[in-house]
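Participant: below is the structure, and that's it, no one-letter string:
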């Protein structure tokens, strides 16, 4: 009789709170802020200028941010059995209430700035540009009951990761690249591919399950070196390929810029995200003093608020005259990122002191 224990996949060791995930969440929050700071004028400055090259360098270097958040959520969320009632009553409810509040707030700000009422209402429904993440994470929470049996079985887990990598990363990126050089062919391939209706293993479910799997891998020196190589290669590919393809389009007098290699559904971003996750797991999970651990935990819990509030702070600094084109962008991007990041943390920590707000909005 075949031993079914060989095919089960559970944690290597019994774990309490993993401090490395708290640190990774802080890193991911910082990366999100830098991404949005560096993207302020990415589309507007001319190509082949020092300004655009600086924005591309910083923006392309932190494209792992959202996928890293998804991987951390998968590692933590899929590790425990949670009743469907708990998923909806605690986690989904909090995301929905947070979305309603912050989406209404950002829409109100837009309305105050002169946006027509109809457009402000649409923004309230769709969400500010960064609030798409809340739609995505709610979707992942909703399919957890389907994913949990999958991740418990090694064979199913590996099959899901291979399938989701192919249909959610490789195929979309291939079609997107083809669309640049052969638009008609890309449209035909996409129309054929759409008939497969492979939705469950598509998109961020790959990162969600990948985080769970990578958390259960023992990180040897060889794997640590591989993780570092993935970060370097993935980041270099994101920055350099984005530069090259946009220069190519400029040579053909196509003035619009494209973010093809910035997307989370790309091999290059997946490489970086995987490497950052593994390096964090291997290098950050170490003994910390009680004081340091408490500080990290507090800051980690504030990262959701940082994500929600930081665009307001970016605009506030811009209104004060501090912008990424105010001075040398190689300096302005990190300086403004640090200022916005720290200010967002202060706001988030204050909001987390209000029980009702902490429970439902941050």
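Facilitator: Happy to help now that I have it. Just so we're clear, the structure is a prediction, and the values are computed from it rather than from any experiment. Numbering: from 1, shown residues only.
Participant: pLDDT weak spots in this structure?
Facilitator: The chain contains residues with pLDDT under 70 at 1-17, 252-255.
Participant: counting residues, which helix of the chain comes out longest?
Facilitator: In the chain, taking DSSP state H as the definition, the longest helix is helix 221-251.
Participant: that one packs against which elements?
Facilitator: Judged by 3 or more Cβ pairs under 8 Å, 6 or more residues apart in numbering; DSSP states H and E, the packing partners of helix 221-251 are helix 50-61, helix 267-283. Glycine gets a C-beta too; all of them are placed from N, C-alpha and C.
Participant: distance to residue 77 added to the ones you listed, as JSON lines?
Facilitator: Putting those into JSON lines (distance: least, Cβ to Cβ, whole Å) gives the following:
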{"stretch": "helix 50-61", "distance to residue 77": "27"}
{"stretch": "helix 267-283", "distance to residue 77": "15"}
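Participant: highest mean neighbour count out of these?
Facilitator: helix 267-283 (a mean of 22; mean count of other Cβ atoms under 10 Å).
Participant: now do that helix and helix 50-61, the angle between them.
Facilitator: Angle of helix 267-283 versus helix 50-61, following axes from the mean of the first three to the mean of the last three Cα atoms, to 10 degrees, is 60 degrees.
Participant: can you name the next helix or strand after helix 267-283?
Facilitator: Using DSSP states H and E, the helix or strand that follows helix 267-283 towards the C-terminus is helix 290-301.
Participant: show me what counts as buried in that next one.
Facilitator: For helix 290-301, burial by neighbour count (16 or more other Cβ atoms under 10 Å) applies to 296, 299, 300, 301.
Participant: phi first, then psi, for the residue positioned nearest the centre of the chain.
Facilitator: Taking Cα atoms, centre = their mean, the centroid of the chain lies closest to residue 66, which sits 0.3 Å from it. For residue 66, the backbone dihedrals are phi -70, psi -40 (criterion: degrees, to the nearest 10).
Participant: surely it meets residue 264?
Facilitator: Yes. Here residue 66 reaches residue 264: they are 5.9 Å apart, a contact under Cβ atoms under 8 Å.
Participant: residue 345 contacts residue 304, correct?
Facilitator: No. Assessed by Cβ under 8 Å, residue 345 is found out of contact with residue 304, at 11.5 Å.
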